[in-house]
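**Student:** With the sequence up front, the predicted model follows.
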Amino acid sequence: MNIVITGSSGFVGSKIIGQWMDRGHHISAVDAMSSPHLRPSGSFRFIQADSTRPGDWQNSVSDADAVVNLIGKNIFTRWTDDAKQQIHDSRVLSTRNIVDALPHKTSATLINASAPAYYGHRGDDILDESQGPSQGNEFLAGVCAHWEAEALAARKKGARVVLARFGVILGGSGGALSQMIPAFRMFAGGPIGNGRQWFPWIQIDDLVGAIDFILKNSALDGPVNLCSPHPARNQDFAKALGAALRRPSFLKTPAFMVRMGAGEMGDLLLHSHRMVPSRLLEAGYEFKYPNLPEALAASIKKPESLSA
């Protein structure tokens, strides 16, 4: 199978590439940033390009059996007007260019990343794929809605479109844990705000496994939540991470300090997304790490992960 992966140099992309190359797929990786672990071979090529701009890289999309779109500017920064524009454009314009490059009457699959923010801040509501978008005015919810709408335009060309809403990704060498572990190791870890907000998560091996499962199962299309069946409250996640690292987890960060330090982005850390993977479970996907303690143990088991 000929597969294009945009945003290939990131934490998720590099994991998927390794697995699919081992299975004999031909991979074209598109990214503005090169990566030392992505080396060309007979079944792999790297295309350095800015996917927010039309260009020759789109030729790889026109020949693809599947496209996995992982492009997106890091959201964990202060949301200035310029940063917001980059967060929006990196997702929306890249997706638009991918769809434009697909031929008419295509049979390709587009697996397009998205996020729990699509649903908005919903308290204790259980968020499966039947739930609609946020009814509020949260910035990231609006980005997700626009992002997904661009991807769904590929259906007009005959493509199968999967809106893969990623939970927070747990893995030792990247993702959210690389941001959290240092604070816990310095005895400064703990809940954010009141700690009762829901935190959807997924271990990296399950994320890669779920994407592969989606690729193979043509019946899956539209929104698919990629997260553990057991979301955790923020306070319970902090407690589990502290236990895994053998560190205390009682040092709370008050909401006003989160907002003071991170600005508007800080609200995202306080929002609640009780997201569950109903469609994956119904389709028969079996999670390797459905429970948080085992997922954390697998994610931080290597010594070098603890210094990330």
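**Tutor:** Looks like it came in fine.

**Student:** Okay, now the unreliable bits of the stretch 51-200 of the chain?
**Tutor:** Scanning the stretch 51-200 of the chain for pLDDT under 70 picks out 172-175.

**Student:** what about the strands in it?
**Tutor:** Listed in chain order, the strands found in the stretch 51-200 of the chain under DSSP state E, counting those that start in this stretch are 66-69, 109-114, 126-127, 160-166, 168-171, 174-175, 198-199.

**Student:** Give me the pLDDT value at Lys252.
**Tutor:** Note for Lys252: predicted pLDDT of 88.

**Student:** Give me the distance between it and Asn234.
**Tutor:** According to C-beta to C-beta, to the nearest Å, Lys252 and Asn234 sit 10 Å apart. Heads up, the C-betas are built off the backbone N, CA and C, glycines and all.

**Student:** Who has more neighbours out of those two?
**Tutor:** Ranked by neighbour count (other C-beta atoms under 10 Å), Lys252 and Asn234 place Asn234 first, with 21 against 16.

**Student:** any idea of the pLDDT on the more buried one?
**Tutor:** On the pLDDT scale, Asn234 gets 95.

**Student:** Next one: it from Asp124, what distance?
**Tutor:** Distance from Asn234 to Asp124, by C-beta to C-beta: 13 Å.

**Student:** Residues that sit against both of these two, list them.
**Tutor:** Trp198 (C-beta atoms under 8 Å, 6 or more residues apart in numbering).

**Student:** Spell out which helix or strand contains Phe256, please.
**Tutor:** helix 255-262 (DSSP states H and E).

**Student:** helices and strands around that helix, which ones?
**Tutor:** helix 264-270 (3 or more C-beta pairs under 8 Å, 6 or more residues apart in numbering; DSSP states H and E).

**Student:** what mean pLDDT would you report for the helix or strand that the helix it packs on is followed by?
**Tutor:** Note on helix 264-270: by DSSP H and E, the next helix or strand toward the C-terminus is strand 274-275. Averaged across strand 274-275, pLDDT comes to 98.

**Student:** what are the pairing partners of strand 274-275, and which direction each?
**Tutor:** Neighbouring strands of strand 274-275 in its sheet, by DSSP bridges, are strand 126-127 (parallel).

**Student:** Can you give the distance of the strand it pairs with from its chain's centre?
**Tutor:** Put simply, strand 126-127 sits 18 Å off its chain's centre (C-alpha atoms, centre = their mean, to the nearest Å).

**Student:** can you count the residues close to the residue nearest to Asp128 when sequence neighbours are not counted?
**Tutor:** Leaving aside its sequence neighbours, Asp128 sits nearest to Ser278 (C-beta to C-beta, 6 or more residues apart in numbering; 3.9 Å). Number of residues near Ser278 (other C-beta under 10 Å) recorded here: 18.

**Student:** Any regions of the stretch 201-308 of the chain where pLDDT drops low?
**Tutor:** 301-308.
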